[in-house]
Each structure stands twice: as structure tokens, then as C-alpha cells.
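Novice: generate a structure from the sequence data that follows.
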Amino acid sequence: MSLPVTRPVAAASTVLVLCAGCLIATLTFGPRASAGFFLLPMSNEFGWGRDVFGLALAVQNLLWGLGSPFAGAIADRFGTVRVLCVGAVLYAAGIAMMSMATTPSLLQLSAGVMVGFGLSACSFNLVLAAFGKLLPERWRSIGFGAGTAAGSFGQFLFPPLATGLIAQVGWQETLLVFAAVVLLVIPLSFALATRGNAATSSAASPPQSLTGALREAFNHPSYVFLVLGFFTCGFQLAFVTVHMPAYLADQGVTAAVGASTLALIGLFNIVGSLSAGAIATRFSRKYLLAAIYAGRGIAIAAFILVPTTPLSCLIFGAAIGLLWLSTVPPTSGLVMLMFGTRYMAMLYGFAFFSHQVGGFLGVWLGGVLYEATGSYGIVWWLSVALSFASAAINLPIREQPVARPVLGAV
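Specialist: Below you'll find the model as predicted:
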């Protein structure tokens, strides 16, 4: 007996699905995007180097990526709600334990392992996969852009909230507030209920196993190029999110300007993500990705070459914000175009794992090279080089569904 198939929701439910998914993306991305504002108070209180906090956040990024394909595979097989609820509990518990972390090992367990695995099961990755299965086809690219933009709104909303709460009540209490906020994901998740869809293959196509889907994807050069290019996105985003506040403090820029810079990144990324989702419905996704990565390289190079002032920080925040998560709608759209929606959560999860390996190296190298050289310069220029490498690697991608055998073909 075949399992029930997930069908796109009726028009009346589209808005509910979009709103719930976007709220989940905001609530899960916001606290994570504010992590850099805990670096200095925690390091100063416990006498840690920046490499200690950097390692914990690097582990978080790596495990977020490592857990994403498995969380996606479970969601593809058993439905989205269970995965989101477990992820929210683990994420909230990790943030709460982080408030009690007085040693590097506790920090790595809480902010690194628990938050990392929690994010893999409740962040916007699962939301986008649910959108791909639940929304009507004409809404999907817009949904991908909206879900990504909602994560950006969390980045706009939470950094000023974090700095204000840390100044008023302290960093431990701020973390506890954020842990409580993450638990709101649980009731919201029920609007994204998807059932196992092992029977979604077309009647004209042979059934495909999970291992068969993985083999097909990693033997497909375009998917491999897409996965490799996504590495750069993670490297840059994680490095800037975690180390930007400390970098600006080193340059004599106030914490308020640092918070405003990250908030501007989130605000302008709402525009960038929605625009990328709309553009991806009409134009080539691979050329859009190449343009985004090249644009990042230019923006980062300009930022580190000009004197650091509050104005240059805000301009950089706006410019990089337009390009921040705008890679996600065309990337997720290409995964769905190549392989369909059946194993989308898992296959996008593997692309996201590459993203988070980049995030691990960006955060970790930022801390290690700063302690070794007293500067973030090497990592900034490495980000520039990776931008243009990713722009080039996306160009050979073929934007078409993967060819599969048809049942009954002679």
C-alpha cells in the first residue's frame, strides 16, 4: 500500500503556509544572526581568545550543515512537523545552555553542537522544502524568495534587540529570552504539515530510492557545480555574521554602528531575496548566481580598501545585504528544476552542507588568523577570491531536468 502523497495546498491555505513558514524562518535565523554580539562580552568575562568563541560557532555552522541532509531525508520520508518540533527544542536548549557556559567545552557543546543540530532541523532549509511541496507551482519561486527574506528580517530585527538587551539585562538573560522565542516554532510548524511522499514519482517514471536519488545527484555535474559554488556563500556569511562586530570594534567603530550594519544587511536582504525569487522565475538562474557572487567580491574588496567609517560600514551593509541570501532562491530553484520535489529537502540539504562547510572555515579561520596575525585581512581577501571562483563555477550549469528512463520505453 503506497503512502499518501503531499499535494499543493488549496489557494485559501497558501497565505497561511507562507506566513507560518516565514515566521519560522525569522525566529530561527534571528538569534543565530546575533551570535557575534556575544563574542566580546563572553570572551571578556571568561578571559577567552576570539578563537575559542570562533571555534564554537564554526562547529555550529558545520553541524548545521551536516545535519541538514539527514533532517531533510527524515522530513521527506515522515513529514515536516516532527522534524521542526525536535529541532526547535534542541535549538532552544542549546541557547539556554549557552547562557550557563563558563568553559570552552560547554560553549562548544551548547552553542556548537546543540544549536548546530537544532538549526539543521528547524531553519529555513526545511521551510523552503515544505514550500516546494505545499505551494502551487506558480508560487514556488516567490515562496523561496519570501522564506529567505523572512530569515533576513530576523537578521534585521534581532541584532539591535540583542545589543539593547545585553546592555540592559546582560548577555545571559538575553540568551534565555532568545531560547524562549525559538520555542514559538513548535505551534507554527503545524501549518507546514507535509506527509511522507515516497509515492510522488510520476507514473511514467520508475520509482526511485533515497540512495538512487543521491547517486543520481552526485553523478550530475550541474548539481556538483551548484554545491561547490554554495561553499563561498557560507564562508562569507558566517565570517561576517560572527566577526564583523569585533572587526568594527577594532577599527574604532561603536557597537551601535556594528548592530546597525548587520541590521542593514538583514533589511536590504529582504529586497535582495524577494528580487532574486522574482528574477529566478523569468531569467537564467545560473547567470543570476554568477552575478551575485561577482557582486559580493566587488563589494567586499571596496569595503576593505576604503577607510572604515560609520558611513562606509552602513553602505557596505546595504550593498552586501542585497546579495546576502539572494543566492538561496536560485539555488533551491535549480535543485527542484533538476530533480523535482520528491527528495528536495535532502538534496538541498547536501547543497547546504557545502554552504556550512564554508561557514565553518569562515568562522574558524577568522578566529585563528586573527589570534595569529592580529588582523582579519587574510580572511577578507580570501572571501574576495572565493567570490569570483564561485561566479565562474556556476556558469557551466545546465538548467534542465535530469534525464530519467521512462517505463515502457523501447
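Novice: grab the nearest non-local neighbour of C85.
Specialist: I186 (5.1 Å; Cβ to Cβ, 6 or more residues apart in numbering). C-beta here means a position set from N, CA and C on the backbone, and glycine is covered the same way.
Novice: next one: G321
Specialist: Closest to G321 by Cβ to Cβ, 6+ apart is F268, at 3.0 Å.
Novice: for H220, same thing?
Specialist: Closest to H220 by Cβ to Cβ, 6+ apart is V402, at 5.7 Å.
Novice: what's around that neighbour, how many residues?
Specialist: Neighbourhood size, V402 [other Cβ atoms under 10 Å]: 15.
Novice: how about the residue nearest to G321, what does it touch?
Specialist: With contact set as Cβ atoms under 8 Å, 6 or more residues apart in numbering, F268 has these partners: G317, A318, A319, G321, L322, W324.
Novice: from the residues you listed, which land in helices?
Specialist: G317, A318, A319, G321, L322 (DSSP state H).
Novice: shouldn't the third one be in contact with A299?
Specialist: When you say that, I think you mean A319. Yes - with contacts counted by Cβ atoms under 8 Å, A319 reaches A299, the gap being 4.5 Å.
Novice: tell me the pLDDT of S201.
Specialist: Here, the pLDDT recorded for S201 equals 42.
Novice: next one: P207
Specialist: Note on P207: pLDDT of 66.
Novice: tell me what the helix or strand hosting I304 is packed against?
Specialist: In this assignment (DSSP states H and E), I304 forms part of helix 285-305. Helix 285-305 is packed against helix 221-250, helix 255-280, helix 310-322, helix 328-339, helix 377-393, with contacts defined by 3 or more Cβ pairs under 8 Å, 6 or more residues apart in numbering; DSSP states H and E.
Novice: for the residue nearest to C85, what are its contacts?
Specialist: Residues in contact with I186 (Cβ under 8 Å, 6+ apart) are L84, C85, A88, V89.
Novice: residues near S375, how many?
Specialist: Neighbour tally, S375, other Cβ under 10 Å: 12.
Novice: so what does it have for phi and psi?
Specialist: phi -150, psi 150 (degrees, to the nearest 10).
Novice: quick check: chain neighbours aside, which residue is closest to it?
Specialist: Leaving aside its sequence neighbours, S375 is closest to L369 (7.7 Å, by Cβ to Cβ, 6+ apart).
Novice: check the secondary structure at the one you found for me.
Specialist: The three-state assignment at L369 reads helix, by DSSP: H, G, I helix; E, B strand; the rest coil.
Novice: any idea how many residues pack against it?
Specialist: Counted by other Cβ under 10 Å, the residues lying close to L369 total 18.
Novice: any idea how far it is from G359?
Specialist: 16 Å (Cβ to Cβ, to the nearest Å).
Novice: now R138
Specialist: Taking Cβ to Cβ as the measure, R138 falls 33 Å from G359.
Novice: what about those two, which has more around it?
Specialist: G359 (28 against 10).
Novice: circling back: what sits against the residue nearest to S375?
Specialist: Listed by Cβ under 8 Å, 6+ apart, the contact set of L369 reads S375, Y376, I378, V379.
Novice: still on that earlier bit, which SSE is the residue nearest to C85 in?
Specialist: Using DSSP H and E, I186 maps to helix 185-189.
Novice: in CSV: the ones in helices among the contacts of F268, plus distance to G164 and pLDDT.
Specialist: Below are these laid out as CSV (distance: Cβ to Cβ, whole Å; pLDDT from 0 to 100):
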residue, distance to G164, pLDDT
G317, 18, 92
A318, 22, 93
A319, 25, 94
G321, 21, 90
L322, 26, 91
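Novice: just those now: which is nearest A33?
Specialist: Among these, G321 lies closest to A33 (Cβ to Cβ), at 11.8 Å.
Novice: what's near enough to touch A179?
Specialist: Counting by Cβ under 8 Å, 6+ apart, A179 has contacts A92, A93, I95, A96, S99.
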